[in-house]
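> Okay, here's the prediction I keep looking at, along with the sequence it came from:
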Amino acid sequence: MRRGKVWLIVVGVVIVCGLIAISLSKWVSFPSKKPYSAQNPKELGVKALYLLFEKRGKKVGLWESEYEQLPSEKQDTLIVISPSESPSPSDLQSLTKWIEKGNQLVLWASIDSKWVKAFQFNGVPCYTSAEPRRVRAVVDDPWLKEIKELDWPSQECAVSSNKDKKILLDEENHTLVVKRKVGNGSIIYIPDVSLVTNLRIDKADHLALPLAFVENRPGKIWFDETIHSWSAKPINPPSSSPNSSSQQESAEPELPEISPSFFSLLNSDGWFILLQLVIFIVFWLYAKGKRFAAPRFESVKETRDGLEYVEAMARWYHRSGIRKETLLSQHNGLREHILQTFHLPKDISEESLLQHIEQFMGNEYRQTYQNLSKIIAQVVFSKKRISHAVFVEWSVTIAQLRRELEQWKARPQISAASKV
């Protein structure tokens, strides 16, 4: 196979592998398969909440860009649910400026979330034996007043500071929702993430809670999709409670963590992509001349002649970069062969060697050997490279001189006594 064809195949394989990697990365990161994504219709998604706002005539959208590009309009709401990535200082600065203009950030996150710590909210475990919890609104809001019961499986509550305002409490005065004023806008923090998932959005009075945050605001509702990844873990209820021995019995079973394997990722879309790749590889091999059948054994055996052998060796020497060394080795081998054939000493001078060659082999043989020796001596010690054609020509000449020498040895020699 020629080197040009090899490079074409290598480049083609690299391009195909790159396309496969890009396709799989795009497919694996598809939002409809991520926990707490507004495009995920599974139990851990929040697509039901997205559709609820949409059915009620609200302007709803997915935010997938940098926070510094948030729209400059006022009265908008950004909903951040169980963020898996830590916010950078520039993200915090952009979000704070956006909120101060009169917009609202609704943060649903566990008390251990880095987002909660970044915005300086605090939370504590708040176990209770009552399930669902009886709750009451602290502020005058018609939607909050409609909320009487909430499932709170995380058993985590907020701790209000001097900057925070309590919004919702349970019957044991645990703070469930807090609100903080930031410029002309506000941040609302809810420690329990599971309330708005597709699995629990229709439980108890869960629907009224997110509606209370957006019903009286005319702006657009954005669901943040930049903070979700496969590393996000479901927020499950604790297995035990220090205040109640019956908490473990009443707790709901934990949801399995998402750790996708290769075969679990190959749903209908994945198998379709894999099938396309297999078909592409089969057609590519067919186009390259590969035939999927039993091997055919040739009945005629061809033998290589000497010239083909020399050309093959020349190509091999060219790749190794040792043409000069090879020619010098061939010439030295020829000289050694001549010395052995004529029984001459190894330290014989070049002039005396040429005289013996002319005596035994003739003037033409001597001239060829002498010219070849001069050319090889000049080329070996020069910096010029030897071309493929020249290397083959000189190698063939050396081989021809060796064959003539062997033929001379095979001829019967006539002694001086027989001549007399």
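All right, it came through fine. Residues are numbered from 1 along each chain as shown.
> contact partners of stretch 207-218?
49, 52-53, 56, 58, 75-77, 79, 104, 106, 141, 143-144, 146-147, 150, 168, 177, 188, 190, 195-196, 201, 221 (C-beta atoms under 8 Å, 6 or more residues apart in numbering). The C-beta positions use only the backbone N, C-alpha and C, and glycine is treated the same way.
> That stretch: end-to-end distance?
End-to-end distance for stretch 207-218, by C-alpha to C-alpha, to the nearest Å: 19 Å.
> And for stretch 188-208?
15 Å.
> List the buried residues for it?
For stretch 188-208, a neighbour-count test (16 or more other C-beta atoms under 10 Å) marks 188-201, 203-208 as buried.
> before we move on, what about stretch 112-122?
113, 115-116, 118-119, 121-122.
> How far off centre is it?
When distances are taken as C-alpha atoms, centre = their mean, to the nearest Å, stretch 112-122 is centred 32 Å away from the chain's centroid.
> Wasn't Lys181 part of a strand?
Yes: secondary structure of Lys181 (DSSP: H, G, I helix; E, B strand; the rest coil): part of a strand.
> ok, what's across the strand from it?
Ser186 (DSSP bridges).
> Might one say that it is in contact with Ile188?
No: with contacts counted by C-beta atoms under 8 Å, Lys181 stays clear of Ile188, the gap being 10.8 Å.
> helix/strand/coil for Asn371?
Quick answer, by three-state DSSP: Asn371 is helix.
> burial count for it?
11 (other C-beta atoms under 10 Å).
> Next one: it from Asn363, what distance?
From Asn371 over to Asn363 the distance is 12 Å, taken as C-beta to C-beta, to the nearest Å.
> any idea of the pLDDT on Lys33?
The score at Lys33 is 65. That number is its pLDDT.
> next one: Ile376
pLDDT, read off for Ile376, is 81.
> Assumed Ala48 was part of a strand.
No: counting by three-state DSSP, Ala48 falls outside a strand, being helix.
> Check which helix or strand Leu169 maps to.
strand 164-170 (DSSP states H and E).
> And the contacts of that strand?
Counting by C-beta under 8 Å, 6+ apart, residues outside strand 164-170 touching it are 121, 126, 128, 130, 133-139, 144, 147, 150, 152, 157-158, 160, 175-181, 188-189, 209.
> repeat that for 10 Å
120-122, 126, 128, 130, 132-139, 141, 144, 147, 149-150, 152, 157-158, 160, 173-181, 186-190, 209, 212-213 (C-beta atoms under 10 Å, 6 or more residues apart in numbering).
> That one pairs with which strands?
Counting by DSSP bridges, the strands paired with strand 164-170 are strand 133-137 (antiparallel), strand 175-182 (antiparallel).
> Could you check how far it is from the centre of its chain?
46 Å.
> on that earlier part again, make a markdown table out of the buried residues of stretch 112-122 and add secondary structure and pLDDT.
As requested, the buried residues of stretch 112-122 are exported to a markdown table (DSSP: H, G, I helix; E, B strand; the rest coil; pLDDT from 0 to 100):
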| residue | secondary structure | pLDDT |
| --- | --- | --- |
| Ser113 | coil | 87 |
| Trp115 | helix | 87 |
| Val116 | helix | 86 |
| Ala118 | helix | 87 |
| Phe119 | coil | 87 |
| Phe121 | coil | 88 |
| Asn122 | strand | 85 |
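> First-to-last residue distance for stretch 173-188?
First-to-last residue span, stretch 173-188, C-alpha to C-alpha: 18 Å.
> buried stuff in the strand holding Leu169?
164, 166-170.
> Next step: the contacts of stretch 207-218 restricted to helices.
49, 52-53, 143-144 (DSSP state H).
> most neighbours, which of those residues?
Highest count within the ones in helices among the contacts of stretch 207-218 by other C-beta under 10 Å belongs to Leu49, 24 neighbours.
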